[in-house]
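Peer 1: What shape does this take:
(2 chains)
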Amino acid sequence: MSSLFSPGLQASTRVRIRRRRELPLKGDILVQVGDRVHGEQVIARAQLEGELRIVRAAEGLGIIPSELPGLLRVKAQQQVEQGEILAEMRGLWGLFRSTVVSPMAGTVEFVSPSTGHIGVRGAPKVLNLSAYIDGVVALIDDGRAVVIEHEATFVQGIFGVGGERIGTLKLLDVSQDSALTEAHIPSEARGQVLVGGHSPSPAALKKAARAGAVGFVTGSVSGDALHEYLGYDIGIAMTGDEDVPMTVIVTEGFGSISMGERAFAALSAVNGETVSINGATQVRAGALRPEIISRASSAPGARKDHEKGLEIGAQVRCIRVPYFGELGHIVALPHQPALIGTGAKARVLIVKLADGATITVPRANVEILG
Amino acid sequence: MKTDPKQLKTVLVTDCGSTTTKALLFERREDRWHQTFRGEAPTTVEEPVADVTVGARNAFTEVQELSGRTVLSGDSDRPFVVTDSDPSAGIDLYLSTSSAGGGLQMLVAGVVSTITTESAERAALGAGAIVMESISADDGRQEFERIERIRHVKPDIVLVTGGIDCGSTSHVVEMAETLVAASPRPRFGDTLKLPVIYAGNRDAASEVSQILSKIAQVVVVDNVRPELERENLGPAREAIHEFFLTHVMSHSPGYGKLMSWSPVRIMPTPAAVGDIVQAYAAKTGQNVLCVDIGGATTDVFSVFQSRQGTPAFNRTVSANLGMSYSIANVLVEAGSHDIKRWLPFEISDAELSDRLRNKMIRPTSIPQTMEDLWLEQAVCREALRLSLAHHRSLAIGLAGKQERGIADVFRQESDRYELVDLMKLDMAIGSGGVLSHAPSRMQAALMMLEGFGLQGITQLSVDSIFMMPHLGVFASVSPEAAYEVFEHDCLIHLGSAVVPVFPPKFSTGAALAEVLLDGRVIGRVMRDSISRLETASLGQGMLTVRPLHRAIDVGAGAGEENQRIVRLGECGIVCDGRNRPIQPALLGPQRQEAVYEALGLREGKPHV
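Peer 2: This next block holds a predicted model:
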């Protein structure tokens, strides 16, 4: 028996957003509380330890490990260049000479007489952390993180691939109900986040990426099209690290479903403006959904309404067959569990659809829209 | 609180899972121990609450409200009313298990992948961990690749093994150097050193400790593989549990307080399940296979007699095989063809793929139509099949020879054999929503029968409300009480499966075996068909299966009669005449429709 329901995804033209930007390890924070920042701005920096390469010196010289210290040409903590000799052995009367060299520039970290290995660590790498969204620095966590606050248009997707990107939102010249083909995609879309339609063909996705788009927000995508775009199948709902030129976000799900009215209206309101997007999705505990956040905070429209729960009159979307994608209003919330089509008993609700028909749906199979 | 089993009358146990904290009340009544009330609340380990005790208290409150028994005191440090003079109020003992925050995550390292690394994996898995990565000197990777992988995972604990005692030390010392080069950081408490357990060649212990001490807090325990043919996993498992408490639990939000509420240490959830499965196998003398199929992962536990005649316990986790978050990964690993073969209807690959991916992104939704239900149950069969294959590859027995002959000295392989033998399996236990809450018990039986590819005679059961973790930790205090509840309230006996193994010469429809219950013939197993023989749904009976030809094996050897005392259940005796693996010609929409028809599964209404 299930009484869970999905609270639905957010789509609001003005909402207060807080984003915590965190370094993977302690570093330098480059901003102060109260500073106004923009998405591309570097706000924190850290030095990542360089790579450590182990040189099998004893093996290379054909000696036993305990002989290595006597053949070293370098000391621990010494700086070395790529190709520099680390240890050398001269044979009879100095005629035969064998050496081991450093595989990269760095510092000799250790010499082990028990294994005959020499460790060389490369130079540290600098990691720059950008603000990702426009806003004001609200909080700084000493050397670790920055919290940025912003009031903007905010739309969540249900699933995405690809990480953080910043671009100009551009509505495609198609109706929401159009299945997208290559012909719907402009040839030039450099730095744009394309929005509209549903179920783009693989060719449409590839053309958008070729045209320079940094993001693609649409109603739905088929598993096959996503496979062709990524080159492999997604099996687990944990994404964001995909090596793709363009982040793809879907607002409704897999298959052929048009974008919901609320999401489309909110995105239309910021057409032509700069947006920050992220396709990262994590469905498990600590759920993370993909997002589109506008740069401007002056978009028209009211602040987000009071969030409705499961109550009579609430607008819902069905999220499971046989009513997948249908919209309607809750007209009854029976208290007792009811028998559903599978023979299981579940808490249900009665939904009146736009065409006037009423259907019974498990509470777990609807999403609250407002 | 009381820990003497004789003084216990009321015990409250929680399992703090990743998403839900489940509290169960166990009470001793005149006849026996019972599981009486249950409360659930969302787990509160993550922000914004970040305190596990908040969710636990909510679950206690639900138990209190449902039972009418005063359980909570109102004092945040000592939250329970402990039963004193009034036996109708309070509890005697509080216990807990935990898998919140993704459970116990480990990295294991060894020298030879099929010897020491494999033993390390078995030690970690048996202790209830998820093995995030296994590193071996012979894993075919370059040094830098290993370092990259180690850096990528953020383990709670690292287990380093390698070499038999008195053997070579150089490889395991090199492995320690690789770990230092990678310097993995612990998942919790970044000011702490990483906990590392060394359980390898004892001659290398001091050198390995010295090397690793730069980056880790090292504990040395006995070698997991002191000899090629002998494993010693106990000390490593004990050290893992110790670190789990001191380095993982104590740094997870609110766990310090939770631990102070109980006089008994918190167990990792899978370790507790493993304990109750082992206790049940020991008590009944049976070979047991237990599967817990969750949303993201599938755990398989088994206890089979080893060649030495002792029960051998194994646990594996198939980290990305599950029924919601990882449902699409079952599709990726099995392929649409293998899922579709279990369906009694046609569906296109594209439709199948989109439906499963929509379940993946909306994991709490439930099937509303029979077709959708059958689709999820088809995925379950494949998840069971794949996770059992994974389990079989790791549940390996060793010859355990004390003396080695001249030939053995030059052979660098141990005598390994698969412990899991389905012909010798007595009891299969299914747990997880798709099995425990299947609308019909027969559906659960069929998923296990087909998914595991059962053979011989196997009793089938499901866990009623996933109380095995609670009973596992309860068994650490009172094994008898936990067993009583396990047998009476936890296990739902579905019935038995009879699956003969036979050579292909028999024609379709030929009678393969005769089935008798308490000496009376109740039916026959026919080649290539499936049928259900009705029995009483309660109690037990003597099940006898007689092969009708000397080449047919029903679990006691070719041509031999097999006789077992079995628990009866509402599914009766399921006779399956399809040889394993089931041939493609016997699967697909029409054949599966006939199977569903034969077992009374065609209509969407409650039935067996």
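
Peer 1: CA atoms for contacts and neighbours, from now on please.
Peer 2: Noted.

Peer 1: tell me how far stretch B:137-145 is from the chain's mean position?
Peer 2: 30 Å (Cα atoms, centre = their mean, to the nearest Å).

Peer 1: same check, this time on stretch B:91-107
Peer 2: For stretch B:91-107, the distance to the chain centre is 15 Å (Cα atoms, centre = their mean).

Peer 1: then stretch A:19-38 to PDB, C-alphas only?
Peer 2: Presented in PDB, the C-alpha positions along stretch A:19-38 are these (Å, rounded to 0.1, in the frame of the first residue of the first chain):
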ATOM      1  CA  ARG A  19      23.100  28.200  -4.100                       C
ATOM      2  CA  ARG A  20      26.000  26.900  -2.100                       C
ATOM      3  CA  ARG A  21      29.200  26.800  -4.100                       C
ATOM      4  CA  GLU A  22      31.700  24.500  -2.500                       C
ATOM      5  CA  LEU A  23      35.400  23.800  -3.100                       C
ATOM      6  CA  PRO A  24      36.400  20.100  -3.000                       C
ATOM      7  CA  LEU A  25      39.100  21.000  -0.500                       C
ATOM      8  CA  LYS A  26      40.000  24.000   1.500                       C
ATOM      9  CA  GLY A  27      41.200  27.000  -0.600                       C
ATOM     10  CA  ASP A  28      40.900  30.800  -1.000                       C
ATOM     11  CA  ILE A  29      37.600  32.600  -1.100                       C
ATOM     12  CA  LEU A  30      37.800  35.600  -3.500                       C
ATOM     13  CA  VAL A  31      34.600  37.500  -2.600                       C
ATOM     14  CA  GLN A  32      33.100  39.000   0.500                       C
ATOM     15  CA  VAL A  33      29.600  38.900   2.000                       C
ATOM     16  CA  GLY A  34      27.400  41.500   0.300                       C
ATOM     17  CA  ASP A  35      29.400  41.400  -3.000                       C
ATOM     18  CA  ARG A  36      27.300  41.200  -6.100                       C
ATOM     19  CA  VAL A  37      28.600  38.500  -8.400                       C
ATOM     20  CA  HIS A  38      27.900  37.300 -11.900                       C
END
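
Peer 1: How far off centre is it?
Peer 2: 19 Å.

Peer 1: do the same with stretch B:172-185
Peer 2: 31 Å.

Peer 1: And stretch B:566-577, by the same measure?
Peer 2: The answer for stretch B:566-577 is 23 Å, by Cα atoms, centre = their mean.

Peer 1: same question, stretch B:148-164
Peer 2: Taking Cα atoms, centre = their mean, one finds stretch B:148-164 lying 23 Å from the centre of the chain it belongs to.

Peer 1: Report the beta-bridge partners for the residue in the stretch 1-150 of chain A that chain B sits nearest to.
Peer 2: In the stretch 1-150 of chain A, the residue found nearest to chain B is A:Leu52; the distance is 5.7 Å by Cα to the nearest Cα. Beta-bridge partners recorded for A:Leu52 (DSSP bridges): A:Arg121.

Peer 1: show me the contacts for it.
Peer 2: A:Gly119, A:Val120, A:Arg121, A:Gly122, B:Phe144, B:Ala181, B:Ala182 (Cα atoms under 8 Å, 6 or more residues apart in numbering or on different chains).

Peer 1: Tell me the one of those nearest B:Ala328?
Peer 2: B:Phe144 (31.9 Å; Cα to Cα).

Peer 1: Next, the closest one: secondary structure please.
Peer 2: helix (DSSP: H, G, I helix; E, B strand; the rest coil).

Peer 1: Compute the number of surrounding residues for it.
Peer 2: For B:Phe144, the neighbour count with other Cα atoms under 10 Å in any protein chain shown is 16.

Peer 1: From B:Val82, how far off is it?
Peer 2: Here the criterion is Cα to Cα, to the nearest Å. By it, B:Phe144 lies 56 Å from B:Val82.

Peer 1: now A:Ala209
Peer 2: Taking Cα to Cα, one finds A:Ala209 at 65 Å from B:Val82.

Peer 1: try B:Arg381
Peer 2: From B:Arg381 over to B:Val82 (counting by Cα to Cα), the distance is 46 Å.

Peer 1: Check B:Ser318 too.
Peer 2: Counting by Cα to Cα, the gap from B:Ser318 to B:Val82 is 40 Å.

Peer 1: Assign the closest residue to B:Ser96 other than its chain neighbours to helix, strand or coil.
Peer 2: Leaving out its chain neighbours, the residue that sits closest to B:Ser96 by Cα to Cα, 6 or more residues apart in numbering or on different chains is B:Thr14, at 4.7 Å. What three-state DSSP gives for B:Thr14 is strand.

Peer 1: Give the bridge partners for B:Thr14, please.
Peer 2: Assigned bridge partners for B:Thr14, using DSSP bridges, are B:Ala23, B:Ser96.

Peer 1: which ones are touching it?
Peer 2: Contacts of B:Thr14 (Cα under 8 Å, 6+ apart): B:Thr21, B:Lys22, B:Ala23, B:Leu24, B:Ala56, B:Leu95, B:Ser96, B:Thr97, B:His470.
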